[in-house]
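> predicted model and sequence follow; I will ask about them next.
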Amino acid sequence: MNADKKVKILATLGPAIRDAAHIRQLVEAGVNLFRLNFSHGEHADHAQRYQWVREVERELNQPIGILMDLQGPKLRVGRFAEGKVQLVNGQSLRLDLDKTPGDANRVNLPHPEIIEALQPGMSLLLDDGRLRLKVTAKQADAVDTCVIAGGELSDRKGVNVPEAVLQLSPLTEKDRRDLTFGLELGVDWVALSFVQRPEDIVEARELIGGKAFLMAKIEKPSAVIHLEEIAKLCDAIMVARGDLGVEVPAENVPRIQKDIVRTCRQLGRPVVVATQMLESMRFSPAPTRAEVTDVANAVAEGADAVMLSAETASGDYPLETVQMMSKIIRQVENGPDYQTQLDVGRPQAEATASDAISCAIRRISSILPVAALVNYSESGASSLRASRERPKAPILSLTPSLTTARRLTVAWGIYSVVNERLRKVEEVTSTALEIAQAQGMAQRGETVVITAGEPFGQPGSTNSLRIETLH
């Protein structure tokens, strides 16, 4: 088991990854879980990649998580009679429900929910924020706007509405078909795009029905406002900086990222920092210095995982990108002030036996030279509470459930081994020591901290702690 880094790597699969052997290389280089991006590709493509991951999982005898990322509602303008127009600062542009091809004066906006939500004075962003409009007047079936930042606008370019909450579901008909397919396939995580409010999480939960864990993507200003409520309702959060950086001023993104990481750590929810982390490595074997610093900052802030998108999905150097990200993570984690920074931001413990023990193992691992913290957990809940404390030693999570092991692959510092032999608490110590040594996480003479609970196998029952030396 390659447990020499605590921050996990989530890598996106795409046409650049051509077979199971390639996936195995990425896992051996440091990838812990994979993303299937349902904004691209056919179901058959995703099914093939899913099978490759499971094949590698069996070969390596190592749980690997799989996340399906739903596309969500893509808001776009209609088409133009000549394919594109040039918008000039100060000119008027009407957006309406008329499907007739547009011109420089008007264009179809086939989303009545946008027109309904807009009010005079609000902004619209087109083409990933390259063009900016301000609403000047509103009718039942159209809005009039003034071009604030002009440029070329062509068919079907995207629309962002940062100042309005749209009355639409985050799950389109396509998303619902994709979700059914992904759950039948057996994905471990579902990422929900364009979350606006807590009710969106409730709607998705009902559809998923406990078949996978739910990760909310924070990429809308309204989601930032309702962050804590959303985080409490889901299982993890993704800082989706692409659309977030369009909908809020770019200079606000670093602060929002820090706030999200801090909130998620307090609540004990894994948090993934995503988008353009090593973007230049799509076409270059080396990253920019700014990108290296970006990844390093996410690690230093306490993120559970960092994500690669096009870098591994369609880039020219997917393996080199993963290797670079692993190097950056290790460099930060081995720095003299990494653990100190994590301890400064340590969240407030709750008045539970599980949290008391999690705090204790963090403290013990800072005093004693602990090689590994071994935790037995069927649901993974106590392992996540231990991860929340960011202890100095890695966490070896023993679980009888492969599903639990796969879902924990996103969490900071946790490495899982599926073990079905444990039937009573007396077996935990000997089994834990045996597995820690077999996985290379502890050697003879080293100290191991072991936690478990009675009644044995009951979620939330962690109430015992042992300090053992491997003989």
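Yes, it's here.
> how many neighbours does the residue nearest to residue 91 when sequence neighbours are not counted have?
Spatial nearest neighbour of residue 91, excluding adjacent residues (Cβ to Cβ, 6 or more residues apart in numbering): residue 147 at 5.0 Å. To be clear about C-beta, it is placed using only N, CA and C from the backbone, and glycine gets the same treatment. Using other Cβ atoms under 10 Å, residue 147 is surrounded by 20 other residues.
> and residue 147, that's in a strand?
Yes: assessed with DSSP: H, G, I helix; E, B strand; the rest coil, residue 147 lies in a strand.
> residues in contact with it?
87, 88, 89, 90, 91, 92, 93, 131, 132, 133 (Cβ atoms under 8 Å, 6 or more residues apart in numbering).
> what do you get if the cut-off is 10 Å, keeping everything else the same?
87-93, 104, 126, 131-134, 153 (Cβ atoms under 10 Å, 6 or more residues apart in numbering).
> can you check residue 327 too?
Residue 327 touches 5, 29, 30, 292, 295, counting by Cβ under 10 Å, 6+ apart.
> ok but it is inside a helix, no?
Yes: under three-state DSSP, residue 327 falls within a helix.
> and it, how close does it get to residue 317?
14 Å (Cβ to Cβ, to the nearest Å).
> likewise residue 163?
Distance of residue 163 to residue 317, computed by Cβ to Cβ: 39 Å.
> higher neighbour count, these two?
Taking other Cβ under 10 Å, residue 163 and residue 317 do not tie; residue 317 has more neighbours (21 against 16).
> ok, the more buried one touching residue 281?
Yes: counting by Cβ atoms under 10 Å, residue 281 is a contact partner of residue 317 at 5.4 Å.
> so what sits against both of those two?
Joint contacts of residue 317 and residue 281 (Cβ under 10 Å, 6+ apart) are 287, 311, 324.
> which SSE is immediately downstream of the strand or helix carrying the last one?
So that's residue 324. For residue 324, the enclosing helix or strand under DSSP states H and E is helix 318-333. For helix 318-333, the following helix or strand on the C-terminal side (DSSP H and E) is helix 338-344.
> convert that following helix to PDB, retaining C-alpha atoms only.
Provided in PDB are the C-alpha atoms of helix 338-344 (Å, rounded to 0.1, in the frame of the first residue of the first chain):
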ATOM      1  CA  TYR A 338       2.600  21.500   7.700                       C
ATOM      2  CA  GLN A 339       1.500  19.700  10.800                       C
ATOM      3  CA  THR A 340       1.600  23.000  12.800                       C
ATOM      4  CA  GLN A 341      -0.700  24.700  10.300                       C
ATOM      5  CA  LEU A 342      -3.100  21.800  10.500                       C
ATOM      6  CA  ASP A 343      -3.100  21.900  14.300                       C
ATOM      7  CA  VAL A 344      -3.800  25.700  14.300                       C
END
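> can you list the domain ranges for this structure.
8-73+171-333, 84-160, 348-469 (automatic domain parsing).
> circling back to that earlier point, check the contacts of residue 327 and tell me the two furthest apart.
Spanning the widest gap among the contacts of residue 327 are 29 and 292, at 16.7 Å by Cβ to Cβ.
> can you map out the helices along the stretch 251-400 of the chain?
253-267, 289-301, 310-313, 318-333, 338-344, 353-367, 381-388 (DSSP state H, counting those that start in this stretch).
> kindly provide the distance from the nearest residue to residue 86 once chain neighbours are set aside to residue 82.
Ranked by Cβ to Cβ, 6+ apart and with sequence neighbours excluded, the top spatial neighbour of residue 86 is residue 152, at 5.7 Å. In this view, residue 152 and residue 82 are 12 Å apart by Cβ to Cβ.
> could you dump the domains of the chain to CSV with mean pLDDT and distance to residue 339?
Output for the domains of the chain, formatted as CSV (pLDDT from 0 to 100; distance: least, Cβ to Cβ, whole Å):
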stretch, mean pLDDT, distance to residue 339
domain 8-73+171-333, 97, 9
domain 84-160, 96, 38
domain 348-469, 88, 6
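> could I get those domains in TSV, plus columns for distance to residue 342?
Below are these laid out as TSV (distance: least, Cβ to Cβ, whole Å):
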stretch	distance to residue 342
domain 8-73+171-333	6
domain 84-160	34
domain 348-469	4
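> of these, which is nearest residue 341?
domain 8-73+171-333 (5.9 Å).
> quick one, what contacts the spatially closest residue to residue 354 that is not a sequence neighbour?
Ranked by Cβ to Cβ, 6+ apart and with sequence neighbours excluded, the top spatial neighbour of residue 354 is residue 462, at 4.7 Å. Shown in contact with residue 462 (Cβ under 10 Å, 6+ apart): 352-358, 375-377, 381-383, 385-386, 451-454.
> how far away is residue 462 from residue 351?
14 Å.
> next: residue 81.
Residue 81 is 66 Å from residue 351, by Cβ to Cβ.
> ok, now residue 429?
27 Å.
> so for the two, which residue has more residues nearby?
Between residue 429 and residue 351, counted using other Cβ under 10 Å, residue 429 has the larger neighbour count: 16 against 6.
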